[in-house]
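A.B. asks: Structure for the following, please:
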Amino acid sequence: MSLPLPHRLAIASVTLLVAAALLMPNAEQDNLAGPLPGVLPEQTPLVEPTELAEPPAQGPQLELPSLEYRIQAGDTLSGIFDRLGLGQKVMYQILESDQEVLALDTLQPGDELRFWMGGEEQGQLQKLELKFSLAHQVIFSRVDDNHFEFQKVDLPGTWQSEPLGGNIEGSFYVSAQKAGLSDAEIARIASLFKDKINFSRDLRAGDRFQVVRQSQYIDGQATGDTELDAIRIYNRKKVLSAYLFSDGSFYDADGQSLARAFLRYPTTKHYRISSPFDPRRHHPVTGRTAPHNGTDFATPTGTAVLATADGVVTRVENHPYAGKYIVVEHGGKYLSRYLHLSKALVRKGQLVSRGQKIALSGATGRVTGPHLHYELHIGRRPVNPMTAKIPMAASVEGKDKAAFQAQVKKLDAQMDSLQKG
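C.D. replies: Now for the predicted structure:
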């Protein structure tokens, strides 16, 4: 017998609260931290108390009841869906949509999930919102009984600039952390200067570093998003500098590029494009129209996959639909992704150079055959890697030179203020 909606909501609320009370973590467990695996073998995750919204009032403008959940250390996606009674089928429906955004592999303790329930049976998941920060959310919305579509929400906020700096005491990593730089920012600095200085051997006590960093705020609250505008390192009598210009690339004080030009292709040989970048592609497996955020190359399994620019490996993961994949951040606003790999040859946190072999292509995930799916993102947005304007020039030239020099003067003044202070 099918119970009325208010009865179901009441039963669900009691069940979730009882389960939460029995499994509520203690204070020591609350302090645990670590990445959330995407979909791993079944575990018994800790569940934070969840809240069920009040049953919607009757009338033409009904609001769907929702559940809010905060990720904790040790949680798995499969565990969360099972514990909330949503099941594995729905989870895989969302993972199918997630193939193009790869948001579910980035969940961390503290991230928030919100589930909206409804439909004819009143127990069907209609929408899932992933809140990563004040500025960034991903929303999966049901389009039919078997499929979801995604929407990325990136709020612009306001950006505030501040200079930071310090003296080398021990390692550069420890010194930079003391100055307030994050691991990602330290890795970016190391990547920019890796051809000019050995951070392990060359820096000595008494050497100095300075940066100008922008931080994003929404309604007066920091979102956690930052961007380095300038870096200066004093190494004995040598000064190394890097300045971010409007094209998203870093240059030294004379306007010479610190990064080599991007490769257009992620392979040595130019393989046939089996599926181009297309925001409205007809999917060959599902038959549905959905964005194809990259370019597919018809590579045989085992083909060498190359990093298209210098950068830092930020993710090496497995996804049920994207397969084994690698993400590389290239400093500034550039990011590349390599999907359906048979083998990764790099690890998370590793610095890579343009043209370096980072993986072997394959047919992992949901595919119709072996191929390499390559994506290029500029400013958090996927672009066509075959036609996008990417850093190709070795220096700032022409009419851009005056604007660049004015930018350098402004940023130098901010870093100079640290010495006066």
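A.B. asks: going forward, measure contacts between C-alpha atoms and count neighbours the same way
C.D. replies: Noted.
A.B. asks: Strands along the stretch 201-350 of the chain, start to end?
C.D. replies: Assigned by DSSP state E, counting those that start in this stretch, the stretch 201-350 of the chain shows strands spanning 208-218, 221-235, 238-244, 250-251, 273-275, 278-282, 289-292, 295-297, 304-306, 311-319, 323-329, 334-344.
A.B. asks: separation between residue 69 and residue 322?
C.D. replies: Applying C-alpha to C-alpha, to the nearest Å, the value for residue 69 to residue 322 is 26 Å.
A.B. asks: Kindly apply the preceding question to residue 354 instead.
C.D. replies: Distance from residue 354 to residue 322, by C-alpha to C-alpha: 24 Å.
A.B. asks: what do you get for residue 413?
C.D. replies: To residue 322, residue 413 is 46 Å away according to C-alpha to C-alpha.
A.B. asks: repeat for residue 155
C.D. replies: Residue 155 is 27 Å from residue 322, where distance means C-alpha to C-alpha.
A.B. asks: Compare those two (neighbour count), which wins?
C.D. replies: Neighbours per residue (other C-alpha atoms under 10 Å) separate residue 155 from residue 322, with residue 322 holding more: 25 against 13.
A.B. asks: Now do that one against residue 68, distance only.
C.D. replies: Separation of residue 322 from residue 68 (C-alpha to C-alpha) stands at 27 Å.
A.B. asks: With residue 95 instead?
C.D. replies: Going from residue 95 to residue 68 by C-alpha to C-alpha gives 19 Å.
A.B. asks: next one: residue 190
C.D. replies: For residue 190, the distance to residue 68 (C-alpha to C-alpha) stands at 39 Å.
A.B. asks: neighbour-wise, which of those two wins?
C.D. replies: Taking other C-alpha under 10 Å, residue 190 and residue 68 do not tie; residue 190 has more neighbours (20 against 17).
A.B. asks: Need the three-state assignment for that one.
C.D. replies: Classification of residue 190 by DSSP: H, G, I helix; E, B strand; the rest coil places it in helix.
A.B. asks: show me the contacts for it.
C.D. replies: Neighbour list for residue 190: residue 199 [criterion: C-alpha atoms under 8 Å, 6 or more residues apart in numbering].
A.B. asks: List of residues touching stretch 382-396?
C.D. replies: 247, 249, 251, 255-257, 260-262, 264-265, 277, 293-295, 374-377, 404.
A.B. asks: Restrict these to the buried ones and give me that as a ChimeraX selection.
C.D. replies: Remark: buried members of the contacts of stretch 382-396, expressed as a ChimeraX selection using 16 or more other C-alpha atoms under 10 Å:
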select :249,251,255,257,261,262,264,265,277,293,294,295,374,375,376,377,404
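A.B. asks: and the contacts of stretch 382-396, which of them are in helices?
C.D. replies: With helices taken from DSSP state H, the overlap with the contacts of stretch 382-396 comprises residue 404.
A.B. asks: could you measure residue 306 against residue 383, distance?
C.D. replies: Separation of residue 306 from residue 383 (C-alpha to C-alpha): 19 Å.
A.B. asks: ignore the last one, residue 305
C.D. replies: In this view, residue 305 and residue 383 are 19 Å apart by C-alpha to C-alpha.
A.B. asks: between these two, which one's more packed in?
C.D. replies: Applying other C-alpha under 10 Å to residue 305 and residue 383 shows that residue 305 carries more neighbours, namely 25 against 20.
A.B. asks: pLDDT at the residue nearest to residue 213 when sequence neighbours are not counted, what is it?
C.D. replies: Nearest residue to residue 213, sequence neighbours excluded (C-alpha to C-alpha, 6 or more residues apart in numbering): residue 228, at 4.5 Å. As predicted, residue 228 sits at a pLDDT of 96.
A.B. asks: What of residue 246?
C.D. replies: At residue 246, pLDDT is 87.
A.B. asks: Residue 279 now?
C.D. replies: Note on residue 279: pLDDT of 80.
A.B. asks: my guess is it contacts residue 294, does it?
C.D. replies: No. Counting by C-alpha atoms under 8 Å, residue 279 does not reach residue 294; the two are 9.3 Å apart.
A.B. asks: Now do the closest residue to residue 292 other than its chain neighbours: how many residues are near it, please.
C.D. replies: Using C-alpha to C-alpha, 6+ apart and skipping residues adjacent in sequence, the residue nearest residue 292 is residue 278, 5.1 Å away. A count of nearby residues for residue 278, using other C-alpha under 10 Å, gives 15.
A.B. asks: Number the residues from 37 up from this point.
C.D. replies: Right, with 37 as the first residue, what we last looked at is residue 314.
A.B. asks: Any figure for the gap between residue 314 and residue 224?
C.D. replies: Residue 314 is 31 Å from residue 224, where distance means C-alpha to C-alpha.
A.B. asks: can you put the strands of the stretch 237-386 of the chain in a markdown table and add distance to residue 210?
C.D. replies: Formatted as a markdown table, the strands of the stretch 237-386 of the chain follow (distance: least, C-alpha to C-alpha, whole Å):
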| stretch | distance to residue 210 |
| --- | --- |
| strand 244-254 | 12 |
| strand 257-271 | 15 |
| strand 274-280 | 19 |
| strand 286-287 | 24 |
| strand 309-311 | 45 |
| strand 314-318 | 44 |
| strand 325-328 | 41 |
| strand 331-333 | 40 |
| strand 340-342 | 31 |
| strand 347-355 | 19 |
| strand 359-365 | 22 |
| strand 370-380 | 26 |
